[in-house]
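Student: Generate coordinates for the sequence data below:
(one chain, ligands or ions: 1)
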Amino acid sequence: MSRMDWLYGRNVVLTGCSTGMGKEVLLILVKKYGCNVMGVARNKAKLDELKAELGDKFSYRRFNISSQEEWRNFAKELDDMGFNTDILINNAGMIQPFGQFNDMTDDQIDKIIKTNLLSVVYGCKAMIPAIKKSKFGYVCNVASASAILPFGGESIYSATKAAVWGLTECLAQELRGFNIGVSCVMPGPVKTDIYKAREGEGTAPKADKMVQSVGITAQTAGKRIVKAIGKGKLRFFTDFMAQLMSLGMRMMPRITPKFSGSIMKKSAGMVSSFMPIYKEQFDRKAELKAAKKERKTLKKHSIEEVKEGFFAKDDVTNI
Ligand SMILES: NC(=O)c1ccc[n+]([C@@H]2O[C@H](COP(=O)([O-])OP(=O)(O)OC[C@H]3O[C@@H](n4cnc5c(N)ncnc54)[C@H](OP(=O)(O)O)[C@@H]3O)[C@@H](O)[C@H]2O)c1
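Tutor: Okay, here's the model as predicted:
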């Protein structure tokens, strides 16, 4: 008997199963645990290849996880066909082009929020009613270590992953009464194609090279994700880097983000994709130093002086 045994033969819905960590999770669940996996992704060629390899234990649906309507239709279809979902794994996601928040287009922001956050919200909303009927209910959401330690240049990505973390922690409390286990998986760097898929930048290969040197493989991450689910770990860091990030934020919450930011700034000369984040800090170094000094030496203004300033007297009084 092992704590993982309950996984055998479970019915699983897994998003992002066509490649990366999701694919590895799929292979383990089907080959090792004999699970029936209903995968969700869009790349038909990759999904067909997996279907040919895995046979009857695997089926897939192609839809965009950002659409609530697609999720609702999917849940209904599973219900109609008698596929009683035990486990939902919201793994699919994307990263953002490295750069400053204000340089991102509205469409880019919208797409990342929909793909990384709303998809998880819609997936949980659509699938949890069915999971509540299972004796082996489980929900696993894949966030990121950057939910805990965010990096400049990845503002919207980090925001979505922090929100997924928050959502998952709340679900864990709320679903206890239905005997549904919950995991939030926080990977650090993992060697997958996600970095190559960064939109609109010619600098991806450099950032990708860095991940290649410090990241764990998708196979290792996949194994650990399955283990986290099997053992019912609520908060799970897949690798040393993610553990280190979490430890830093717990032990030194003020110093750690400053430290990681300064490492990135120092590496900006070598990793050109970091440069857009720090460009002004390099270009305006003297100006910024002078402005900082000026702020420090500004004399204290009296309320009378402020009233005489930009705002009308009435506005100031109203504040
Ligand atoms: N790799 C890392 O270093 C890292 C670190 C921390 C967290 N994560 C998180 O871990 C998860 C998996 O990442 P990964 O590195 O394995 O990514 P990946 O190799 O790029 O795979 C992403 C998967 O998501 C699917 N997908 C993406 N957008 C979709 C959409 N709109 N609708 C349906 N399917 C969609 C893709 O399928 P199709 O292309 O077939 O649609 C693919 O199967 C993501 O949530 C990611 O944010 C990754």
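
Student: Three-state assignment for the closest residue to the ligand within the stretch 51-200 of the chain, please.
Tutor: Of all residues in the stretch 51-200 of the chain, G93 sits closest to the ligand, at 2.3 Å by CB to the nearest ligand atom. (Glycine included, C-beta is placed from N, CA and C.) At G93, secondary structure determined by DSSP: H, G, I helix; E, B strand; the rest coil is coil.

Student: what residues are up against N90?
Tutor: Neighbour list for N90: 15, 119-120, 123-124, 139-142, 164 [criterion: CB atoms under 8 Å, 6 or more residues apart in numbering].

Student: One more pass at 7 Å, please.
Tutor: 15, 119-120, 123, 141-142 (CB atoms under 7 Å, 6 or more residues apart in numbering).

Student: Okay, it and I148: tell me how far apart.
Tutor: 18 Å (CB to CB, to the nearest Å).

Student: repeat for F259
Tutor: 14 Å.

Student: Show me which of these two is the more surrounded one.
Tutor: Applying other CB atoms under 10 Å to F259 and I148 shows that I148 carries more neighbours, namely 23 against 13.

Student: Residue numbers of this protein in contact with the ligand?
Tutor: 15-22, 40-43, 46, 64-66, 91-94, 115, 142, 144, 187, 189-190, 192-194, 197, 211, 215 (CB under 6 Å from any ligand atom).

Student: Could you export stretch 17-34 as CSV, keeping only the C-alpha atoms?
Tutor: Provided in CSV are the C-alpha atoms of stretch 17-34 (Å, rounded to 0.1, in the frame of the first residue of the first chain):
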residue,chain,number,x,y,z
CYS,A,17,-1.5,17.9,-22.3
SER,A,18,0.0,18.3,-25.8
THR,A,19,3.5,19.3,-24.7
GLY,A,20,5.8,20.2,-21.8
MET,A,21,4.9,19.3,-18.2
GLY,A,22,1.3,18.5,-19.1
LYS,A,23,2.4,15.8,-21.6
GLU,A,24,4.7,14.2,-19.0
VAL,A,25,1.9,14.2,-16.4
LEU,A,26,-0.3,12.6,-19.1
LEU,A,27,2.2,9.8,-19.9
ILE,A,28,2.6,8.9,-16.2
LEU,A,29,-1.1,9.0,-15.4
VAL,A,30,-1.9,6.7,-18.3
LYS,A,31,1.1,4.4,-18.4
LYS,A,32,1.8,4.0,-14.7
TYR,A,33,-1.6,4.5,-13.1
GLY,A,34,-3.9,3.4,-15.8
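
Student: Can you list the buried residues in it?
Tutor: Residues 17-30, 33 are the ones in stretch 17-34 that count as buried (16 or more other CB atoms under 10 Å).

Student: What average pLDDT does it get?
Tutor: The average pLDDT within stretch 17-34 is 98.

Student: Please shift the residue numbers so they start at 161 in all later answers.
Tutor: Fine by me, first position is 161 from now on; the one you just mentioned is stretch 177-194.

Student: Show residues contacting it.
Tutor: 167-169, 172, 174-176, 195, 197, 199-201, 203, 206-207, 210, 214, 217-218, 220, 249, 251-252, 350, 352-354, 378-379, 381-383, 385-386.

Student: what are the ranges of the strands in the chain?
Tutor: Listed in chain order, the strands of the chain (DSSP state E) span 171-175, 196-201, 218-222, 247-250, 298-302, 341-346, 350-351, 376-377, 395-397.

Student: okay, V476: pLDDT?
Tutor: For V476, the predicted pLDDT is 55.

Student: Low-confidence regions, this structure specifically.
Tutor: Scanning the chain for pLDDT under 70 picks out 357-368, 460-462, 464-479.

Student: one more time with 90, if that's ok
Tutor: For the chain, the stretches with pLDDT under 90 are 161, 257-258, 355-374, 427-437, 439, 452-479.

Student: From the ligand, how far out is the nearest residue to K217 once chain neighbours are set aside?
Tutor: In this structure, K217 finds its nearest non-sequential neighbour in V190, 4.6 Å apart by CB to CB, 6 or more residues apart in numbering. In this view, V190 and the ligand are 16 Å apart by CB to the nearest ligand atom, to the nearest Å.

Student: Give me the buried positions along stretch 428-446.
Tutor: 428, 433-438.

Student: and the two most separated of the residues you listed?
Tutor: Pairwise distances across these peak at 11.2 Å for S433 and Y438 (criterion: CB to CB).

Student: Next up, the contacts around the nearest residue to Y220 once chain neighbours are set aside.
Tutor: Distance criterion CB to CB, 6+ apart; nearest residue to Y220, sequence neighbours excluded, is G199 at 4.2 Å. G199 is in contact with 174, 177, 186, 207, 218, 220, counting by CB under 7 Å, 6+ apart.
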